[in-house]
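Novice: next comes the sequence, and after it the predicted model I'd like to discuss.
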Amino acid sequence: MNGNLEKTRNFGIIAHIDAGKTTVSERILFYTGLSHKIGEVHEGAAVMDWMEQERERGITITSAATTAFWVPTYLSAEVRHDGADAKGDTASPYRFNIIDTPGHIDFTVEVKRSLRVLDGAVVVFDGVAGVEPQSETNWRYADEGKVPRICFINKLDRTGASFEHSFATILDRLTPNAVRIQIPIGESEAHEGVIDLLIMKAYSFEGDKGKEVIEKEIPENLRAAAEEYRDMLVEKIVEHDDAAMTKYLGGEEIPVQELKRILRAACIANKLVPVFCGSALKNKGVQLILDAVVDYLPSPLDILPVKGLDPVTGEEILRHATDDEPFAALAFKVQTDPFVGQLTYFRVYSGKVEAGSYIYNATTGTKERVGRIVRMHANHREDVKEVHAGEIAAMVGLKSSKTSDTLCDAEHPILLEKIEFPEPVVSLRIEPKTKADQEKMGMALKRLSDEDPTFRIKSDQETGETIISGMGELHLDIIVDRMKREFNVEANVGKPQVAYRETITGTAEVENKYIKQSGGRGQYGHVRIRVKPLDKHIPEGAKIPKNVTREHNFEFINNIKGGIIPQEYIPAVEKGIREGMSRGVLAGFELVDISVDLYDGSYHEVDSSEMAFKMAGSMALQDAARRANPVILEPIMKVEVVTPEKFMGDVTGNLSSKRGQIEGMEERGGNRVIRAKVPLSEMFGYVTSLRSMTEGRATFTMEFLEYAIVPQSVATGIIESRK
């Protein structure tokens, strides 16, 4: 049996770039005894940033998984107080399966897929900046996955740090349900420790690297503030429990243990978000975050059973976190390892799996043998014989499994919900430098696209060139760099291009007959279709009718009655329509967000074939798109510029000249923050112009927001340039 599931925590560490996420992870590895020295990001020595590119650039690119063990400080000999576990818990360690995720928007896929398989998250904020754009995106992903989370306001030792300002931005921009569990003792250079408002004790962190957690009385100058904040906290907690509310209104003191129990339940139900504080770089507050993971984040037993579908009947199946149910797991990441080949990371939802056994991939319908199973510590591996319900590990030896595939027991198949990934927004042309690089490049690109679902490759049919697409310039830069280092492929790279799309804004009905007579057997396919813009706002839980195929940007409705087109030709019509969508009618960009209804047609006993119906479908779609008011769509980015006040006029004027819409401005740590929506096509090379405009003192971040219709004047230019 898997040790004790109650004592397992699967959680991720997520944040905006530069909030100190990897520094927090490094402290966790140090305090849990996994590493004997602390690796610093700014020295290029962080354990969790193990790729060469990560160390050179000082950013996290790929999510790293690790397993660590922790005994809560309040169960250790030095620190005992009435918060100790009421069950008389002995100091046996908790197992933490931790994923450190990237903060940069170009690698947002890593956050999205990690949150899909984790039970909880620690969200890290910069104590000066508070909530930043990527914090909002990550929070939205966590909301989509209903992932319970706790917040850690970090970097309170920095000049200009303010716990209250950062806490206010969480309440304002993310959730009104955040509650202070701690307040800092001093800020900026004066930051010394933290006060726990539940236990009403102060903590300082002393000895080697702040290893010793020392419990003290609250400093007199902070006692009144702490009491006031405690009253607010208790009031928020008791709202979630009727019995406690009655006691509270009757003026009774509620035991700490009971408050913790109610807070834990509210946190797991996403009704409250506990907020903690400290400075990871100065080794303050990290151990108490680990205690909070134990106290407030769910174990695999606390989360709802996972839902899936029976691949044959389509009925809903539930699987619980226990070894006694059939094996079901989700592959959430594929990685090429130079030493062992392909690693497939997976989260087990039910049952167990052994090395050397066979598993069934319900997504592809294939059986695969599990060679080895390894538990990962960043890029170090530890072989294990078997993995149980609620655990995260990696398999070696799976050939055809990709990200988001369901792995299960062949006797009891189940399909778990797929992970939806954002669409790439930047493309560039790439060609091998030499003939020898040609073959290697194809293999390298395939490997890299298997690893990363937001990285796409396609060939331009007309020019024969290879086009790669990703989430941003940095994303594609890293891909090309990895091709060179990991696969020894030298390539010439074109200028980044915007990944425009096309769609329709009207409706149209079209008839197409594909007829060919050339002696012998002819070709005959005849279809009638209606097209209209796709309605993307489908209510949650709405049942999809049997005759409808729906994806995130395409819907096919089969309304053929009475066999006027035989059933075996209908998939060919759908395939033809999909192929027709790959080249738009205005400038050849991919067509998206279209609903196609096949409602009539005819066939010929002898001459009809799949090929004829495929051609009829493809030509009908192109014709219909021309008649249904086609438009070009462009990616719009959410941009945030942080600049000294004296350059504000120049920056806003420049953004407006780029077709940008200024959304809002605010003050942050002595600087001005400008938030705007700007088309991606206007943002290439922005970093250089921003630096020259502001003497190098301004910084900016941007992330994809939405696709929007291109203004007619701009569209004309795009269409001309594509001719």
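Specialist: Everything's here; your move.
Novice: list the contacts for residue 334?
Specialist: Contacts were defined as C-beta atoms under 8 Å, 6 or more residues apart in numbering; by that measure residue 334 touches 342-345, 401-403, 450-451. C-beta here means a position set from N, CA and C on the backbone, and glycine is covered the same way.
Novice: show the buried residues in those residues.
Specialist: Members of the contacts of residue 334 that pass the buried threshold by neighbour count (16 or more other C-beta atoms under 10 Å) are listed as 342-345, 401-403, 450-451.
Novice: for the residues you listed, which one is nearest residue 617?
Specialist: Comparing the buried ones among the contacts of residue 334 against residue 617 with C-beta to C-beta places residue 402 closest, at 27.7 Å.
Novice: where does that closest one land in three-state SS?
Specialist: Three states are possible here, and by DSSP: H, G, I helix; E, B strand; the rest coil the one that applies to residue 402 is coil.
Novice: wouldn't it be in contact with residue 451 here?
Specialist: No - because the distance of 9.2 Å does not satisfy C-beta atoms under 8 Å, residue 402 is recorded as not touching residue 451.
Novice: residue ranges with poor pLDDT in this structure?
Specialist: Of all residues in the chain, those with pLDDT under 70 make up the ranges 1-3, 34-64, 75-91, 102-109, 338, 377-380, 461-463, 519-520, 538-542, 669.
Novice: run through the residues that contact the residue nearest the centre of it.
Specialist: Centrality entry for the chain: nearest residue to the mean C-alpha point is residue 112, 1.4 Å, by C-alpha atoms, centre = their mean. With contacts defined as C-beta under 8 Å, 6+ apart, the neighbours of residue 112 are 141, 419-422.
Novice: sheet-wise, list the partners of the longest strand along the chain with their directions.
Specialist: Secondary structure of the chain per DSSP state E: the longest strand is strand 630-643. Counting by DSSP bridges, the strands paired with strand 630-643 are strand 501-504 (antiparallel), strand 671-679 (antiparallel), strand 699-709 (antiparallel).
Novice: nearest to residue 275, of those?
Specialist: Shortest separation from residue 275 across the strands paired with strand 630-643 is recorded for strand 671-679, at 21.4 Å, computed as C-beta to C-beta.
Novice: pop the domain breakdown of this protein in here.
Specialist: If you go by the TED database, the domain ranges for the chain are 3-294, 304-414, 425-492, 500-627, 631-720.
Novice: any chance of the contacts of residue 112 in a markdown table, plus secondary structure, distance to residue 639 and neighbour count?
Specialist: Below are these laid out as a markdown table (DSSP: H, G, I helix; E, B strand; the rest coil; distance: C-beta to C-beta, whole Å; neighbours: other C-beta atoms under 10 Å):
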| residue | secondary structure | distance to residue 639 | neighbour count |
| --- | --- | --- | --- |
| 141 | helix | 20 | 19 |
| 419 | coil | 27 | 19 |
| 420 | coil | 24 | 12 |
| 421 | coil | 22 | 17 |
| 422 | coil | 17 | 15 |
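Novice: what about the helices in the stretch 51-200 of the chain?
Specialist: Assigned helices in the stretch 51-200 of the chain, in chain order: 52-57, 108-117, 133-144, 163-173 (criterion: DSSP state H, counting those that start in this stretch).
Novice: out of the ones you listed, which is closest to residue 222?
Specialist: helix 163-173 (12.1 Å).
Novice: tabulate the helices of the stretch 51-200 of the chain (CSV), appending distance to residue 226.
Specialist: Conversion of the helices of the stretch 51-200 of the chain to CSV gives the following (distance: least, C-beta to C-beta, whole Å):
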stretch, distance to residue 226
helix 52-57, 40
helix 108-117, 34
helix 133-144, 27
helix 163-173, 13
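Novice: tell me the most buried of these?
Specialist: By mean neighbour count, with neighbours taken as mean count of other C-beta atoms under 10 Å, helix 108-117 ranks first of these at a mean of 25.
Novice: next one: that helix to chain centre, how far?
Specialist: Relative to its chain's centre, helix 108-117 lies at 3 Å (C-alpha atoms, centre = their mean, to the nearest Å).
Novice: please report how far residue 476 lies from residue 634.
Specialist: From residue 476 over to residue 634 the distance is 18 Å, taken as C-beta to C-beta, to the nearest Å.
Novice: and residue 589, by the same measure?
Specialist: 10 Å.
Novice: neighbour count: those two, which is higher?
Specialist: residue 634 (24 against 21; other C-beta atoms under 10 Å).
Novice: contacts only, for that one.
Specialist: With the criterion set at C-beta under 8 Å, 6+ apart, residue 634 makes contact with 498, 500, 679-681, 707-708, 710, 714.
Novice: go again using 10 Å as the cut-off
Specialist: Residues near residue 634 by C-beta atoms under 10 Å, 6 or more residues apart in numbering: 425, 498-501, 589, 659, 679-682, 706-711, 714-715, 718.
Novice: again, but for residue 169
Specialist: In this structure, residue 169 makes contact with 125, 129-132, 135, 153, 162, 666, 668, judged by C-beta under 10 Å, 6+ apart.
Novice: quick check: of the residues you listed, which lies closest to residue 446?
Specialist: Comparing the contacts of residue 169 against residue 446 with C-beta to C-beta picks out residue 135 as the nearest, at 34.1 Å.
Novice: looking at it, the closest one is touching residue 124, isn't it?
Specialist: Yes - at 8.7 Å, residue 135 and residue 124 qualify as touching, with contact defined as C-beta atoms under 10 Å.
Novice: need the residues touching each of the two.
Specialist: By C-beta under 10 Å, 6+ apart, residue 135 and residue 124 have these common neighbours: 14-16, 19, 103, 151.
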